[in-house]
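> Curious how this folds, go ahead:
(2 chains)
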There are 2 protein chains.
Amino acid sequence: MFSSDSVQPLGLSAKARRTGEQPISFLMAAVLADPNLINFAAGLVDPLTLPVGPTRQIVETIFADERRARAALQYDTTLGLASLRRAALAHLENLEQKPTADFGLTERDIVITTGSQQALYLIGDVLIDPGDIVIAANPCYFVYTGTLASLGANVLTVPMTYDGIDVDAIEKLLVKLERENRLDRVKLIYSTTYYQNPTGLTLCAAARPRLLEIARRFSRRNRILILEDAAYRELRYDGPALASIKSLDRDNRYTILTQTFSKPFAPGLKTGYTAMPSELMEAILHQKGNHDFGSPSLTQHIAVEAMASGLYGRHVRLLCDSYRSKRDAMLDSLDKYIPASAGISWTRPAGGLYIWVTLPEGADSSRASALFKRCVENGVLYVPGDYCFQPDENGFVPRNHLRLSFGQVAPNQIGPGIERLAQAIIEVLQQPSRAAVAPVNSRT
Amino acid sequence: MFSSDSVQPLGLSAKARRTGEQPISFLMAAVLADPNLINFAAGLVDPLTLPVGPTRQIVETIFADERRARAALQYDTTLGLASLRRAALAHLENLEQKPTADFGLTERDIVITTGSQQALYLIGDVLIDPGDIVIAANPCYFVYTGTLASLGANVLTVPMTYDGIDVDAIEKLLVKLERENRLDRVKLIYSTTYYQNPTGLTLCAAARPRLLEIARRFSRRNRILILEDAAYRELRYDGPALASIKSLDRDNRYTILTQTFSKPFAPGLKTGYTAMPSELMEAILHQKGNHDFGSPSLTQHIAVEAMASGLYGRHVRLLCDSYRSKRDAMLDSLDKYIPASAGISWTRPAGGLYIWVTLPEGADSSRASALFKRCVENGVLYVPGDYCFQPDENGFVPRNHLRLSFGQVAPNQIGPGIERLAQAIIEVLQQPSRAAVAPVNSRT
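Numbers count the residues shown, from 1 in each chain, chains lettered A, B, ... in the order given. The predicted model follows:
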């Protein structure tokens, strides 16, 4: 119903002009076009293990108490429901296996947000002016690097190693930035310290105090904060339960820890909690006050009752059992369907939702590649690894990786999905491709 | 547990440094200090009429259907639940009494946000660069003018009249800005068109098409958008049900309409919906994707079931009956306890939650005033009117107004509260005050 006369353009802000679409919406379109696709691309959680029964029971408990039900339907504070902040604090004590007083935290240092994504956004917003530096791993959680770019951040990268973000490389980078007189522009070191999205890799125990020491040492005139994204922390299937960097930060000064109820309980609550230094908290609250003066009360009341009733803990154990067997099914299928001779490797994560596959150098998994096309034809979807990388200083982005998620896929679909994927990979790798003969933007 | 060594300051962003605390947190502190205060200051809704029973019933319906319950606990899209956007569209048709096609809206033009506050924030964020102009009424909803200031907006004001924002003054201001070559900086005209916070006044029917015509006419190189905040629209106690400006904007080009479930149903759901031009929607979605990639699913599922079941409509009628009698009680008490000879006037709003009291010129109701102090001693709280004003070009802010809300106060507390307030006012007005003798910052 648009009339034919011309209409003036909108005068969008500089920030809006810097903000693009989330890069992987084309994957959503592929799923809509073929609902029978086996979707290893989606970052969704498993629909079959969503806590329908527990949530029903929790809501009944809340609404059986008129006073509590009213509180759940009324406004609460910008900081978030006090009982939920206390429960989150007690939960952290339990995860870290030491009293929160040992790392300088009280319930006033925890804010409840609309998922941990909102916390990540707000942290960027209150710290970053265009041109400020954030240090992150390459590859990295691409939604957040997109957010940082929209804020005008200069995201400088260091490699991922099998022990997590490369802490030695961070130190070298900071030495270089100090030499160039750019240390004051460094605001954040961002790291998903447990079962990283996209690689599934974890920052090892030894690197944790070292990273904290580096952040502290290079905080000269301005503080350099570590942003420890622990969204997948509680989805642990084997291996040790590592203490967070936050728990080592005795005075609550150099570390921000974000956690969420989305992955270990239910994304539909969209409720996260973040512990941070108190000076930062003040700035975050002012900003969040402008955004929404507090996340929805009802979902916060559900989260607190989930923890108090023990239903949360029980559900996490159930989820871990379910995801563990799906991870194992995916690893077994990769072993089975991808020949050892193919020069293809993948990570074996101890938790989280992702496995990272590395094809031989020169192979191309990008959206426009023959492999991606072949996979869609075969009825299987992955996230092209290049979406998870920032270009290096020569503009190079590796294109030989795939992010696979076993999160959303039904257990009996994992084998068939990996078989389809393996067929496509083998078929395409065997073809003499122009990319393999004359690599574009390759390192060598 | 802070050690004594010095710690480096945080390097906050320019925006964080522009963002202050919400100005009226001192009122919260007053309430905490004396829980027996009769609180006419709070913008909360009535706790007694919160929809406890209906919400319980709605959640039972949702959780009785496993598929639906799973969807409510899973992620949804950034735009929001499709069924809720369709329900909101149908609801708008009903409110406007004409098909949404007549004003160019489809369900793709509606976004679901975490309360309408998030929509207001996002709209500011994607349109405003520091120095850009927003035209607003004086007085105005101060949380939003605070948000606009944090975004660096230059908020230029026009008076409120008994017929709502002064449309003639807007036209004159735009003529002046055009003469000064500043028209390109004008991004928004912000107006609460129904039962405004803080005055309770409504933009009259005749002014609505005129404001739209003005926005269209002064959109030269850039479009000037009307941001129509209709948060209180459905809390209508008498008087006509006016069509929105949005409903007059045939091609969905010049108007943004924000509405919410918070006021007419439950703030605890923190769910709002906003209709806007499609080019703006694109920018908003990119930004909201970075904020939270979508508001909580569960609360959206509750909102859609509330509408589908008819419980929403029934609750709005119940609320209107309850608030109407509280408004009447407040107006009756003001008539009763404030002598006609005192030179004090107040608005008689046809809806919403607020009554705006005007004391004689020279009187002082500000936070530091004898009146405010006397009221707290008497056990009654109001919002000092000066918080709702932007200074005029001479830096003048009127201090002779009070915002009273009958929203949160129990019906039987309204009479006693107004009695206490009237006593304080009369007492303080009778004292020879320095302000009355030698007005500070007075107009004359």
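
> separation between A:P267 and B:G53?
28 Å (CB to CB, to the nearest Å). All C-beta atoms are positioned from the backbone trio N, CA, C, and that covers glycine.

> between those two, who's got more neighbours?
A:P267 (24 against 13; other CB atoms under 10 Å in any protein chain shown).

> what's the neighbour count on the closest residue to A:T192 other than its chain neighbours?
Leaving out its chain neighbours, the residue that sits closest to A:T192 by CB to CB, 6 or more residues apart in numbering or on different chains is A:D229, at 4.4 Å. For A:D229, the count of nearby residues is 26 (other CB under 10 Å).

> Then A:R220?
A:R220 has 12 nearby residues by other CB under 10 Å.

> again with A:I110
24.

> distance of it from chain B?
16 Å (CB to the nearest CB, to the nearest Å).

> A:R85 in helix, strand or coil?
The three-state label given to A:R85 by DSSP: H, G, I helix; E, B strand; the rest coil is helix.

> From what I see, it and A:I110 are in contact.
Yes. Look at A:R85 against A:I110 with CB atoms under 8 Å: they come within range, at 4.5 Å.

> shared neighbours of these two, anything?
Taking CB atoms under 8 Å, 6 or more residues apart in numbering or on different chains as the contact criterion, the residues that touch both A:R85 and A:I110 are A:Y273.

> close enough to count as contact, A:A136 and A:V155?
Yes. Counting by CB under 8 Å, A:A136 touches A:V155, with 5.5 Å between them.

> out of these two, which sits in the more crowded spot?
Legend: neighbour count by other CB under 10 Å for A:A136 and A:V155, higher for A:A136 (25 against 18).

> Wait, a strand at that one?
Yes. Counting by three-state DSSP, A:A136 is part of a strand.

> What separation do you get for it and B:D332?
Counting by CB to CB - A:A136 and B:D332 are separated by 62 Å.

> With A:V158 instead?
Taken as CB to CB, the span from A:V158 to B:D332 is 70 Å.

> Please say which of those two ends up with more neighbours.
More crowded of A:V158 and B:D332, by other CB under 10 Å: A:V158, with 20 against 13.

> which stretches of the stretch 201-350 of chain A form helices?
Here the stretch 201-350 of chain A has its helices, by DSSP state H, counting those that start in this stretch, at A:207-218, A:278-292, A:297-309, A:311-337.

> and these, which is most packed in?
Ranked by mean neighbour count, those are led by helix A:297-309 with a mean of 24 (mean count of other CB atoms under 10 Å in any protein chain shown).

> So is it next to chain B?
Yes. On the criterion CB under 8 Å from any CB of the partner chain, helix A:297-309 is in touch with chain B at A:297-299, A:301-302.

> can I get those residues in CSV with distance to A:A169 and pLDDT?
Converted to CSV, the residues of helix A:297-309 next to chain B look like this (distance: CB to CB, whole Å; pLDDT from 0 to 100):
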residue, distance to A:A169, pLDDT
A:S297, 44, 97
A:L298, 44, 98
A:T299, 39, 98
A:H301, 44, 98
A:I302, 42, 98
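
> near chain B, which residues of the stretch 251-400 of chain A show up?
Counting by CB under 8 Å from any CB, the stretch 251-400 of chain A sits next to chain B at A:251, A:253, A:262, A:266-271, A:277, A:279-280, A:283, A:285-287, A:289-299, A:301-302.

> Any stretches of the stretch 201-350 of chain A with poor pLDDT?
Applying pLDDT under 70 to the stretch 201-350 of chain A flags no residue at all.

> which residue sits closest to A:W346 in space, ignoring its chain neighbours?
Nearest to A:W346 is A:V357, by CB to CB, 6+ apart, at 4.5 Å.

> A:N400 is in contact with the one you found, correct?
No. Judged on CB under 8 Å, A:V357 makes no contact with A:N400 at a distance of 9.1 Å.

> How is chain A partitioned into domains?
Domain ranges of chain A: A:21-43+A:314-430, A:53-309, per automatic domain parsing.

> Which of these sits closest to B:A119?
Between B:A119 and these, the tightest spacing by CB to CB is seen for domain A:53-309, at 9.8 Å.

> The closest one spans what distance, first to last residue?
Start-to-end span of domain A:53-309 (CA to CA, to the nearest Å) is 13 Å.

> Ok, stretch A:16-28 next?
Start-to-end, stretch A:16-28 (CA to CA) is 23 Å.

> which other residues reach that stretch?
Contacts of stretch A:16-28 (CB under 8 Å, 6+ apart): A:41-42, A:142-143, A:146, A:149-152, A:367, A:381, A:383, A:387, B:78, B:125-127, B:283, B:285-287, B:289-290, B:293.

> switch to 6 Å and redo it
A:41, A:150, A:387, B:126, B:283, B:286-287, B:289 (CB atoms under 6 Å, 6 or more residues apart in numbering or on different chains).

> Taking those together, which two end up most distant?
Across the contacts of stretch A:16-28 (CB to CB), the longest gap, 28.1 Å, separates A:A41 and B:V126.

> Distance check, the residue nearest to A:T192 against chain B.
Look at A:D229 and chain B: by CB to the nearest CB, they are 15 Å apart.

> hmm, back to that, the residue nearest to A:W346 in helix, strand or coil?
A:V357 - assigned by three-state DSSP - is strand.

> State the pLDDT value of it.
According to the prediction, A:V357 has pLDDT 98.

> A:N154: neighbour count?
The tally of other residues near A:N154 (other CB under 10 Å) stands at 17.

> So which bits of the stretch 51-200 of chain A are right by chain B?
Residues of the stretch 51-200 of chain A lying close to chain B by CB under 6 Å from any CB of the partner chain are A:52, A:56, A:59, A:63, A:69-70, A:72-75, A:104, A:114-115, A:117-118, A:121, A:126-129, A:147, A:150, A:187.

> 7 Å instead, please
Within the stretch 51-200 of chain A, the residues that sit near chain B (CB under 7 Å from any CB of the partner chain) are A:51-52, A:55-56, A:59, A:63, A:66, A:69-70, A:72-75, A:101, A:104, A:114-115, A:117-118, A:121, A:125-129, A:146-147, A:150, A:184, A:187.

> From the residues you listed, which land in helices?
Cross-referencing those against helices under DSSP state H gives A:52, A:55-56, A:59, A:63, A:66, A:69-70, A:72-73, A:115, A:117-118, A:121, A:125-127, A:146-147, A:150.

> buried subset of these?
Buried subset of those (neighbour count, 16 or more other CB atoms under 10 Å in any protein chain shown): A:52, A:55-56, A:59, A:63, A:69-70, A:72-73, A:115, A:117-118, A:121, A:125-127, A:146-147, A:150.

> Quick check: next helix or strand after the helix or strand hosting A:L32?
Applying DSSP states H and E as the criterion places A:L32 in helix A:25-33. Note on helix A:25-33: by DSSP H and E, the next helix or strand toward the C-terminus is strand A:38-39.

> average pLDDT for that following strand?
Regarding strand A:38-39, the rounded mean pLDDT is 96.
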